[in-house]
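S.K.: Quick one: sequence and predicted model below, then my questions.
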Amino acid sequence: MAEREQGGRAAAAQGGAEDLWVKCPGCREIAFRKEVERNLNVCPKCGYHHRLTVEQRLTITIDRGSWRELFEDLAAGDPLEFHDSRPYPQRLEQAQRASGRNDAVVTGVARIEGHPAALAVMDFAFMGGSMGTVVGEKIARLVDHAATQGLAAVVFCASGGARMQEGALSLMQMAKVAGALGRLRDARRPYLAVLCDPTTGGVAASFAMLGDLNLAEPGALIGFAGRRVIEQTTNQVLPEGFQSAEFLLAHGMLDAIVPRAQMRATLGRLLAMLGGARGRRRKPASA
Amino acid sequence: MATSPHTRVRAAKLAAGDRAAGNPAAEAKHAVAPAAISAIERVRLARNPSRPQTLDYVEHLVRDFFEIHGDRRFADDGAIVAGLGYFGRRAVAIVGHQRGRSTQERIRRNFGKSHPEGYRKAARVYDLASRMGLPLITFIDTQGAEPGLGAEERGQAEAIAANLELMMRLETPVIACVIGEGGSGGALALGVANVILMQENACYSVITPEGCAAILWREGGPERVADAAAALKLSAPDLLRLKVADEVVPEPPGGAHLDPPHAARELGRALERQLARLERLSPIRLRRAREKKFAAMGAGFVSSRRVENQRPLG
């Protein structure tokens, strides 16, 4: 609860008087922010799922007091000495100041409805949730932790893709995490991917699509290539709802679309059925 | 081996051109770093339409090639060629992008931009190679995976993701050769290898310079594209420094397109040497070595540091 108040204050400082009200991108109606928040940030009128902060996601997903963060001190360097209008370290520092975290994912262990799990939550507000060396490293380490400790892994994805500012090293993180997931599969522990709005590019084309089960929030944008790129390069007319969670479900890429209000219970059920609750130790599968 | 004599020769020629055009800045720059050819120059060389492609290298380096077609699910994707053959005395499996040469062939091969069925055809061959213990050689030459309606409908992201996990677990030697442009996930789906060879003028990047410029500066003018190419550190020497590439393979003077047999000989020599080394490792060691190699990617640039206003969670 303390986090929620803290988050609220931070938002108030940014938004001023408008903070009392929120316009729904789904139905364009104005709603009282408190009411939307009480409804898990789902529009009470149309069911539109607003994006969540990491704090909000953890609060509504895990058992209170069960969180133990891992690898929180890992921070990125500037391998390319990347400079566009500003140097990359400056952009990074700004995102770090705003979020109070080193990079675009938090990793740790927690319980979900009593079931222990290794959990990662991506932060879209941090440079578009982009995956550079730190995001790749943290998720890979978390998945290896799950494999060696006999835990299930759950990853809430929200990302525009690989982080341009770390170049080919960002690209390689896709393979790094995929390798860790291979070891988790060998350790016979389940991996649940939860695709939130948006999950695209290099994150979609690696761990987001590799779940033993792939779940998504309603209406989430999920895809490999950006809509604009597709339209510009192919001149194709894209259908209504293209790259929505519903579109992916219809094309066989998702197992289920789970409304936010049911996500926690659904994860709990699945972790119970897949044996995530046993927390059985397995032989380490380290390289 | 960051640069070869050929690079230096060409760089000197380019510099001479600049001097002839009365560009004192260029002269000064080349005086300091005679080997430097600009990143965008490399991209142009990598994209040169007469540059040798996968099937050219197969012709020069592989005997008795048998092409494998289709993903057994949907279609045969011409953007990726796959097959079996002999490299020297050993039977090997080959997978590579094929951009195509004539207009007709390019269209048939979708300019080397694969749909999901291409990656799934590759996956069949990866799996076969691993089970039969055949070394796998891949050739990377694509701007990226096809962005399009059909590709998305059939699961482009899933097809690439599945290949990353599968390639990582192969219990056979895997060598990837970047022979042209290595563009993002579409390249990496052929790139999870024990050894990554890059030809001197090949590029490998998370995004095209054009895409990068469009995002960063919201414009795609040639100057911005050149800036983006430089910023992305996509050249072979850069990627050798970043430990993404393991070896830079020299090209004939002026680029691989000017003397394809020469380029193939150089590539063949590097492949032979690396394969001989990898073949000494057991199948499981090959997988573990590959996992370790990718686990180390970029890890040296990650440090342990606490953010000042770190917020407690949970």
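M.R.: Received, thanks. Numbering: from 1, shown residues only, chains lettered A, B, ... in the order given.

S.K.: Tell me where chain B has helices.
M.R.: For chain B, helices defined by DSSP state H occupy the ranges B:5-20, B:24-32, B:39-47, B:54-61, B:103-108, B:116-132, B:149-153, B:156-169, B:184-188, B:209-216, B:222-231, B:236-241, B:260-278, B:283-295.

S.K.: For the longest one, buried residues please.
M.R.: For helix B:260-278, a neighbour-count test (16 or more other Cβ atoms under 10 Å in any protein chain shown) marks B:260, B:262-264, B:266-268, B:270-271, B:274-275, B:278 as buried. In short, each C-beta sits where N, CA and C put it, glycine included.

S.K.: roughly how far is that helix from the heart of the chain?
M.R.: Distance, stretch centre to chain centre, for helix B:260-278: 15 Å (Cα atoms, centre = their mean, to the nearest Å).

S.K.: for it, packing partners?
M.R.: Judged by 3 or more Cβ pairs under 8 Å, 6 or more residues apart in numbering or on different chains; DSSP states H and E, helix B:260-278 is in contact with helix B:54-61, strand B:80-87, strand B:174-183, strand B:195-199, strand B:247-249.

S.K.: looking at those, which is closest to residue B:163?
M.R.: Across those, residue B:163 has its closest neighbour in strand B:80-87 (10.7 Å, Cβ to Cβ).

S.K.: which neighbours does the closest one have in its sheet, and in what orientation?
M.R.: strand B:63-68 (antiparallel), strand B:90-97 (antiparallel) (DSSP bridges).

S.K.: What are the contacting residues of the shortest one?
M.R.: The contact list for strand B:63-68, computed with Cβ atoms under 8 Å, 6 or more residues apart in numbering or on different chains, reads B:58-59, B:81-87, B:94, B:121, B:124-125.

S.K.: Likewise for stretch A:253-263?
M.R.: Residues contacting stretch A:253-263 (Cβ under 8 Å, 6+ apart): A:40-42, A:47, A:49, A:60-61, A:194-195, A:209, A:211, A:213-218, A:222, A:245-246, A:248-249, A:266, B:155, B:157-158.

S.K.: Could you tell me which of these are located in helices?
M.R.: A:60-61, A:245-246, A:248-249, A:266, B:157-158.

S.K.: Name the member of these with the most neighbours.
M.R.: Neighbour count (other Cβ atoms under 10 Å in any protein chain shown) singles out residue B:157 as the most crowded of the ones in helices among the contacts of stretch A:253-263, with 29 neighbours.

S.K.: Distance-wise, check that residue relative to residue B:289.
M.R.: Using Cβ to Cβ, to the nearest Å, residue B:157 is found at 27 Å from residue B:289.

S.K.: Establish whether the host helix or strand of residue A:167 and chain B are in contact.
M.R.: Here residue A:167, judged by DSSP states H and E, is contained in helix A:167-186. Yes. Helix A:167-186 is in contact with chain B by Cβ under 8 Å from any Cβ of the partner chain, via A:167-176, A:178-183.

S.K.: The helix or strand hosting residue A:55 - contacts with which helices or strands?
M.R.: Assigning secondary structure by DSSP H and E places residue A:55 in helix A:54-61. In terms of contacts (3+ Cβ pairs under 8 Å, 6+ apart), helix A:54-61 is packed against helix A:2-15, strand A:105-112, strand A:115-122, helix A:260-273.

S.K.: Dig out what residue A:154 forms beta bridges with.
M.R.: residue A:119, residue A:192.

S.K.: contacting residues around it?
M.R.: With contacts defined as Cβ under 8 Å, 6+ apart, residue A:154 is in contact with A:112, A:117-120, A:191-192, A:194, A:267, A:271.

S.K.: Alright, calling it a day.
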